[in-house]
Structures are given as C-alpha cells and as structure tokens.
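Undergrad: with the input below, show me the fold.
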Amino acid sequence: MNVLISDSLDPRCVGILEQEGHTVRNAPGLTGEELLRVIPEFEVLLVRSATKVSEHVIRTGTKLRIIGRAGTGVDNIDLEAATRRGILVMNTPGGNSISTAEHTVAMMLALARNIPQAHASLLAGRWERKTFTGTEVLEKTAGVVGLGRIGREVATRCLGLGMNVIAYDPVLAPDAAAKIGIELVTLEELFRRSDFITVHTPLNDDTRSLLNEGTIALCKRGVRIINCARGGIVDESALLRALESGQVSGAALDVFASEPPRDNPLLSHPRVIATPHLGASTEEAQEKVALQIAHAVADALAGRSFTGVVNGAAMYLTLRVEVRPYLALAERMGSLAAQLAPGQLQGITLGASGEIPRSSVELLKAGLLKGVLSRTVHDQVNFISAPALARELGVLVNEARDESVGAYVNLLRLRYELRTGATLELEGTVIGTSSPRLVGIDGFRLEVNPEGYLLLYRNVDRPGMLARVGAILADFGVNIAGLSLGRARAGGEALTVMSLDSALPEEGLQRLKVLEGVSGVRMALA
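TA: Numbers count the residues shown, from 1 in each chain. Now for the predicted structure:
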C-alpha cells in the first residue's frame with residue numbers, strides 16, 4: 001500500500017511500514033491544498049493533530065482505507081465522513097497515559113507550592129517568601145474522578161506521595177479499586193472530602209460542567225482543582241467565581257473549553273496555573289504513539305488484528321449484514337442505560353432470544369460494553385478494546401439464556417444494576433432488516449427509535465398531561481419529532497418517551513420535574 005505521513009512522527013514509524021512492504025512518503029508540514037492534491041494516490045494516511053482530515057480530504061482520497069492518528073484524540077478527523085466511506089480510523093489509546101498522569105501530578109505539586117507564581121515573582125526582582133507559602137500533599141485527600149488508564153496512574157502516584165486517595169468511577173468494581181489501595185466513594189462524598197480534585201473523564205452530556213456552581217459549593221472551602229482531561233468538564237465561569245470567593249484556593253488547568261483560550265480571565269488570576277494542553281507532550285509519549293500506530297496499521301493491512309479502531313461502525317463491513325443492526329442496537333442500549341441510570345455500576349445482564357442475537361452474543365456483549373464505557377471512561381473505547389477495558393475495571397456481563405418466543409422473534413434484554421440496588425431494564429429488537437427499536441423500558445411496552453435526543457418521564461395517565469409537557473417544550477422552542485407511551489392500565493402510571501429535535505435546556509428539565517403528576521424526568525442522547 002501507499003502510505004502518506006503528513007505530520008512529524010518518529011522516523012522508526014517509516015521503517016516499520018517499509019519492512020512490511022509498503023511504500024511510505026514522509027511529508028510533514030503539507031498545506032491543506034498540497035494534501036488535497038496528493039491524497040488520491042494513497043491508501044493510508046497517518047497524522048498527529050496538525051493535519052485536519054476534513055470531509056473534503058476524505059472525499060478526495062478515493063483510495064483511502066485507513067486513517068491513523070498517532071495519539072488519542074481524533075477531533076481533527078471527520079469520523080462520520082470516514083465511516084460513511086468505510087474507512088477505518090485508528091488511534092493509540094493508552095500511549096500517552098503515563099505522560100498525562102505525570103503532568104497531572106506535576107500540576108498538583110506546582111499548585112500546592114505556588115511554583116509558577118514564585119518563579120515569575122523572582123524573575124521580576126522580588127523576594128517574596130511569605131507570599132508564596134504552600135501546603136504539603138502528605139496525608140491530604142486526593143479525589144480522582146474517573147479511574148480509566150490515566151486516572152489509575154494518577155491515583156497510584158498520589159498514593160506514592162503519601163496521600164489518601166478516594167475516587168469516583170461509575171463502572172470500576174470495588175474489589176479492583178481496593179487492590180490498588182483506592183477507596184471508591186460517591187461523587188458527592190468525593191466533593192465533600194477532597195483537598196485536591198483531579199478529573200479524568202470523557203467530555204459528554206453527563207460530564208459537561210461536572211464541576212459547577214452547585215458541586216463546587218459541596219467541596220471543602222479551600223479545595224484545589226486540577227483538570228488535565230478535557231476542557232468543559234469544569235465550568236470556567238463557576239470556577240472563577242469560586243476562586244474570587246475563596247471557596248477554591250487554586251486551580252491547575254491544562255485544557256480549556258475553547259483552545260487556544262482567548263481573553264480568558266482565568267489565565268490572569270493569581271491563583272491559577274495553566275499550560276497549553278501539554279498532557280501528552282513528552283518525547284516518550286510521542287515516540288510510543290508513533291510506533292504503536294505504525295504497528296497497528298501494519299497489522300490491520302495484513303489482516304492480523306485490528307486494534308485502536310475508533311469508528312467501530314466501519315467494522316460493520318466485516319460482519320454479516322443481518323448482524324449489523326443488532327450490534328448497533330446493543331451499543332445504543334448500553335449508552336442509554338449508562339445515561340438513564342447514573343451511579344456506580346454493580347452488574348450487567350444481557351439476554352438474547354432468537355437465532356440472530358444468540359449466534360452473535362459475544363459480539364453483542366462487546367457492543368453493549370462499548371456503549372456503556374463510552375459514556376463513563378476517559379479512554380477511547382471501541383468494539384475491540386471494550387471487553388479488555390471492562391475486565392480491567394472489573395465489569396462483567398452475565399448472559400441470561402431465554403428460549404421463549406414472545407411478540408418478537410429476535411430480542412435483546414438488558415438488566416443494568418447499580419450498587420444502590422436500583423435497576424433499569426431495557427428490551428430491544430430490529431424491525432425489518434435494519435431498524436433498531438426499543439420495545440420495553442422497565443416493563444412498559446412501547447416502540448422507540450433509539451436515535452437523537454430522547455426525553456423520558458413517568459406520569460399519571462390522565463387527560464391533559466401531554467399538553468402540559470408540550471407547552472413547556474414549546475416555551476423553549478424544542479420540537480417533538482416522535483412520541484411513544486406505555487402504560488400498565490388506564491388511569492395508572494405511564495412512561496412517555498419523546499424524540500426531540502434538540503436538547504431541552506436544564507431550566508426546562510427543572511420545570512418538568514416540578515410538574516404535578518410527572519416524575520423520573522431524564523434526557524439522553526442515543
């Protein structure tokens with residue numbers, strides 16, 4: 001194959017691919033116009049973060065089979081366009097875990113001892129020892145939000161510094177945490193007990209502004225906050241107000257909601273230290289990811305293995321046509337369960353009835369885990385990595401055999417159980433040959449297309465309820481695209497699921513939650 005490397009990668013990357021018999025053009029620094037001119041010649045494109053692989057580039061690269069990203073984030077690649085073309089997008093999850101963990105701990109220590117501020121003061125000709133008196137981290141409590149690969153590396157380093165480490169993770173099993181000396185707690189308890197809080201989660205609807213006005217108010221006065229994960233997890237306006245009030249005594253930020261940050265008042269705050277997204281910027285990390293992506297691409301081209309495939313939907317091309325929609329259904333059921341039943345996971349049970357689901361149950365488990373873990377862990381998750389990552393976290397999927405035939409010949413049943421004892425049960429099938437549907441939620445019979453924004457709530461089954469909910473949606477300009485209602489009996493409790501054209505803002509959700517006769521209001525993105 002012809003391989004184009006358009007960003008600067010370790011030279012050994014070229015050698016690995018050439019040894020496999022591929023022709024490599026190493027051309028870092030190509031302009032956008034130059035990339036468009038040459039891309040039609042290549043089957044493989046390898047990039048870091050500088051090259052923008054837009055839909056135009058993908059459409060022009062008529063021979064492209066693989067796009068490899070030497071690193072974790074794939075924000076510079078149009079995944080949807082690549083998937084539509086059946087192009088595999090591969091990355092190197094875990095290649096920068098150590099670098100990011102070390103940067104996090106470095107930021108924590110610099111924050112505790114006011115190192116950047118003291119350095120700037122000394123360069124300005126001042127000798128202000130009392131001004132920059134710091135605090136020891138020994139026996140302080142570090143709260144780690146998210147125990148994926150990076151979170152666990154941070155936690156073990158904090159333990160090595162003599163800190164007490166508590167953590168919140170919705171899927172890690174308590175036994176797995178105990179083995180490395182970490183106490184699992186609820187998110188609220190973590191906020192209340194921590195002297196330092198460091199976040200290591202993905203950025204999604206569940207984690208956006210996770211640290212906000214309300215949650216920061218739960219924290220100890222004088223807490224210190226570190227974010228080396230994703231901008232947007234910390235509400236920057238709320239953080240600024242908390243710094244001004246003294247509720248937060250200091251913050252260390254490697255990432256921002258908008259990068260590079262423009263006119264961000266946090267950058268000039270005296271108790272904030274900041275770096276320009278340097279978490280993965282070490283020589284070792286860049287070397288690792290270059291070698292990893294070269295080996296992964298070589299293995300994929302040879303058909304030996306497929307690791308680090310980001311756009312799992314492209315893997316559908318290797319599946320039987322009739323299995324593909326069930327895999328999509330399993331993934332969406334997992335994602336919805338993680339959103340609709342937030343909290344620390346106790347166990348998952350997948351039941352499959354019908355010839356097609358039962359014949360592919362292991363693959364469907366992988367899809368289910370991908371859906372769950374994509375909502376909850378910081379690492380990139382795909383169909384191949386999900387089972388291994390789940391094993392690391394102590395998450396098991398039990399299989400429930402069901403030979404009965406009900407209203408649907410082929411059916412997936414998911415039971416999602418939290419450590420609090422709360423459960424969520426979902427049932428799904430495929431209508432025709434390619435249309436996934438949810439057909440049961442906690443015993444309520446309905447039919448929902450699991451796609452886009454979904455609003456779910458329970459209500460008393462009586463006239464006028466739908467109109468009252470619809471009026472609130474109208475106030476916020478949110479259009480209803482579809483609706484399904486399930487009820488046990490007339491006049492009893494009903495479950496309503498609405499498909500919306502856009503998300504209902506938090507203010508609208510709060511109005512729904514206090515509406516008489518309505519309960520259990522939840523938004524999810526399928």
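Undergrad: all contacts plus neighbour counts: C-alpha atoms, from now on.
TA: Noted.
Undergrad: for residue 490, give me its contacts.
TA: Going by CA atoms under 8 Å, 6 or more residues apart in numbering, residue 490 touches residue 461.
Undergrad: against residue 375, how distant is it?
TA: Distance, residue 490 to residue 375, using CA to CA, to the nearest Å: 36 Å.
Undergrad: what do you get for residue 282?
TA: Computed with CA to CA, the distance linking residue 282 and residue 375 is 28 Å.
Undergrad: the two: who's more crowded?
TA: Using other CA atoms under 10 Å, the more surrounded residue of residue 282 and residue 375 is residue 375, with 23 against 15.
Undergrad: now do the contacts for that one.
TA: Contacts of residue 375 by CA under 8 Å, 6+ apart are 202, 204, 206, 335, 338, 339.
Undergrad: what about 7 Å?
TA: 335, 338 (CA atoms under 7 Å, 6 or more residues apart in numbering).
Undergrad: what about this protein, any weak spots by pLDDT?
TA: 312-320, 378-380, 384-385, 401-406 (pLDDT under 70).
Undergrad: mind checking the longest helix of it?
TA: Looking across the chain with DSSP state H, the single longest helix is helix 283-302.
Undergrad: tell me the contacts of the residue lying closest to residue 50 once chain neighbours are set aside?
TA: Closest residue in space to residue 50, ignoring its immediate chain neighbours: residue 7 at 6.6 Å, by CA to CA, 6 or more residues apart in numbering. By CA under 7 Å, 6+ apart, the contact set of residue 7 is 27, 28, 29, 47, 48, 50, 51.
Undergrad: which one among the residues you listed gets closest to residue 263?
TA: Here the nearest of the contacts of residue 7 to residue 263, counting by CA to CA, is residue 50; it sits at 23.4 Å.
Undergrad: and the closest one, how many neighbours?
TA: Neighbour number of residue 50 under other CA under 10 Å is 13.
Undergrad: same thing with the one 3 residues further on?
TA: Residues contacting residue 53 under the criterion other CA under 10 Å number 23.
Undergrad: and for the chain, the residue most distant from the center?
TA: Computed with CA atoms, centre = their mean, the residue of the chain farthest from its C-alpha average is residue 125, at 45.3 Å.
Undergrad: re the thing from before, spell out the secondary structure type for the residue nearest to residue 50.
TA: coil (DSSP: H, G, I helix; E, B strand; the rest coil).
Undergrad: go on, the one 3 residues further on?
TA: In terms of secondary structure, residue 10 is coil; the call rests on three-state DSSP.
Undergrad: would you check that it makes contact with residue 289?
TA: No: at 9.0 Å, residue 10 and residue 289 do not qualify as touching, with contact defined as CA atoms under 7 Å.
Undergrad: more neighbours: those two, which one.
TA: Comparing residue 10 with residue 289 by other CA under 10 Å, the one with more neighbours is residue 289, at 26 against 16.
Undergrad: residues touching that one, list them.
TA: By CA under 7 Å, 6+ apart, the contact list for residue 289 reads 70, 71, 92, 95.
Undergrad: do the same with residue 185
TA: Shown in contact with residue 185 (CA under 7 Å, 6+ apart): 166, 167, 168.
Undergrad: recalculate using a threshold of 6 Å.
TA: Applying CA atoms under 6 Å, 6 or more residues apart in numbering, we find residue 185 in contact with 167, 168.
Undergrad: can you tell me how far it is from residue 214?
TA: Applying CA to CA, the value for residue 185 to residue 214 is 19 Å.
Undergrad: neighbours of residue 250, how many?
TA: As a burial measure, residue 250 scores 25 neighbours (other CA under 10 Å).
Undergrad: thought it was touching residue 270?
TA: No: Residue 250 is beyond contact range of residue 270, at 8.7 Å (criterion: CA atoms under 6 Å).
Undergrad: could you pull out the strands for the stretch 51-200 of the chain?
TA: Assigned by DSSP state E, counting those that start in this stretch, the strands in the stretch 51-200 of the chain fall at 66-69, 88-90, 141-145, 164-168, 183-184, 196-199.
Undergrad: for residue 262, pull up the helix or strand it's in.
TA: According to DSSP states H and E, residue 262 maps onto no helix or strand at all.
Undergrad: overlap in contacts, residue 250 and residue 270.
TA: Joint contacts of residue 250 and residue 270 (CA under 6 Å, 6+ apart) do not exist.
Undergrad: show the backbone phi and psi for the spatially most central residue of the chain.
TA: Centroid-nearest residue in the chain, with CA atoms, centre = their mean: residue 202, separated by 3.4 Å. Main-chain torsions, residue 202, degrees, to the nearest 10: phi -70, psi 160.
Undergrad: now what about stretch 466-482, what contacts it?
TA: The contact list for stretch 466-482, computed with CA under 6 Å, 6+ apart, reads 498, 499, 500, 501.
Undergrad: just the CA trace of the helix or strand harbouring residue 388, in CSV.
TA: Per DSSP H and E, residue 388 falls inside helix 385-393. Provided in CSV are the C-alpha atoms of helix 385-393 (Å, rounded to 0.1, in the frame of the first residue of the first chain):
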residue,chain,number,x,y,z
SER,A,385,-11.0,-2.7,23.3
ALA,A,386,-14.2,-2.6,25.2
PRO,A,387,-14.1,-6.2,26.6
ALA,A,388,-10.5,-5.9,27.7
LEU,A,389,-11.1,-2.5,29.3
ALA,A,390,-14.2,-3.9,31.1
ARG,A,391,-12.1,-6.7,32.5
GLU,A,392,-9.6,-4.2,33.8
LEU,A,393,-12.4,-2.3,35.5
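Undergrad: contact partners for residue 332?
TA: residue 371.
Undergrad: that one and residue 415, how far apart?
TA: Using CA to CA, we find residue 332 at a distance of 14 Å from residue 415.
Undergrad: what do you get for residue 297?
TA: Residue 297 is 37 Å from residue 415, by CA to CA.
Undergrad: ok, now residue 366?
TA: According to CA to CA, residue 366 and residue 415 sit 16 Å apart.
Undergrad: looking at the two, which has the bigger crowd around it?
TA: Using other CA under 10 Å, the more surrounded residue of residue 366 and residue 415 is residue 366, with 24 against 20.
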